[in-house]
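Chemist: let me see the structure of the following:
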Amino acid sequence: EIHQDPNRGMRRMTDLAQHFAEKNFHDSVFLKIQAALLKKDSRYYQMIRNIINQVDENAIRCFGMNLGYNSWTWGITTLQEIWKKTGKEPDWYCELYYDGSGDSENDQGNLKKLESVIDQKKKEGVYCYFLYPGDSFEHCPNLVFLLSHFPDCAFFWFFRENHLTEPQIKVLKRHTNCMY
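Modeler: Numbers count the residues shown, from 1 in each chain. Coordinates of the predicted model:
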């Protein structure tokens, strides 16, 4: 259905995700998504059409499972236990910053720290990560290791650069658990 009518398909997917997600935990997330999709001229519809028409179906499926099931369904059960114990709603995602200084010893240390953070956060039910790699993709090849090492996680990779080169896109395309 999403190929015939991407707008309607996305609204239905959001409704289904909300239906199967744990009650109350992601209501604010789904309400924001639904509100954005109520506007017929929402900029998100163009983004959705671009994803459907230009992204490999396997990548959409993998990323969708990692975000929708591993993060918002499976991981939520652990996060809800934390919420019940502490009374504080935990984040369903984690922001990761990598300075990409180019100093290989420092970069390896930062990479190990990020790997350790992800290992710990997964135990807490977090399967979604926002990666902020610093100033340039040129300093980021080590971060690709995280994509390979954690195939059950969803990574949103935010670049400061406006455009990625074809070789950079080729590297990232191999990892269906990453949206960039």
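Chemist: need the pLDDT of the closest residue to P141 other than its chain neighbours.
Modeler: Excluding its sequence neighbours, the residue lying closest to P141 (C-beta to C-beta, 6 or more residues apart in numbering) is V171, at 7.6 Å. C-beta coordinates here come from the backbone N, C-alpha and C atoms, glycine included. V171 is assigned a predicted lDDT (pLDDT) of 85.
Chemist: surely V171 and L143 touch.
Modeler: No - taking contacts as C-beta atoms under 8 Å, V171 lies outside contact range of L143: 10.3 Å.
Chemist: what about Q120, distance to M13?
Modeler: Using C-beta to C-beta, to the nearest Å, we find Q120 at a distance of 30 Å from M13.
Chemist: the more surrounded of those two?
Modeler: Using other C-beta atoms under 10 Å, the more surrounded residue of Q120 and M13 is M13, with 17 against 11.
Chemist: is that one within a helix or a strand, and which one?
Modeler: Using DSSP states H and E, M13 sits in helix 6-20.
Chemist: and that helix, what's its mean pLDDT?
Modeler: On average, the pLDDT along helix 6-20 is 71.
Chemist: all further residue positions should be reported with the first residue as 42.
Modeler: Sure, I'll start counting at 42 from here, so that last one is helix 47-61.
Chemist: residue boundaries of the strands in the protein?
Modeler: 134-138, 169-173, 195-198, 219-220 (DSSP state E).
Chemist: and those strands, which is most packed in?
Modeler: Among those, strand 195-198 has the highest mean neighbour count (mean count of other C-beta atoms under 10 Å), at a mean of 22.
Chemist: okay, now the sheet partners of it, with direction.
Modeler: The pairing partners recorded for strand 195-198 under DSSP bridges are strand 169-173 (parallel), strand 219-220 (parallel).
Chemist: which of the ones you listed sits closest to F200?
Modeler: Across the strands paired with strand 195-198, F200 has its closest neighbour in strand 169-173 (8.9 Å, C-beta to C-beta).
Chemist: more neighbours: which of V212 and L184?
Modeler: L184 (22 against 15).
Chemist: surely the more buried one is in contact with Y173?
Modeler: No - here L184 lies out of contact with Y173, judged by C-beta under 8 Å, at a distance of 10.2 Å.
Chemist: any residues in contact with both of these two?
Modeler: Contact criterion C-beta atoms under 8 Å, 6 or more residues apart in numbering; residues bridging L184 and Y173 by contacting each: Y139.
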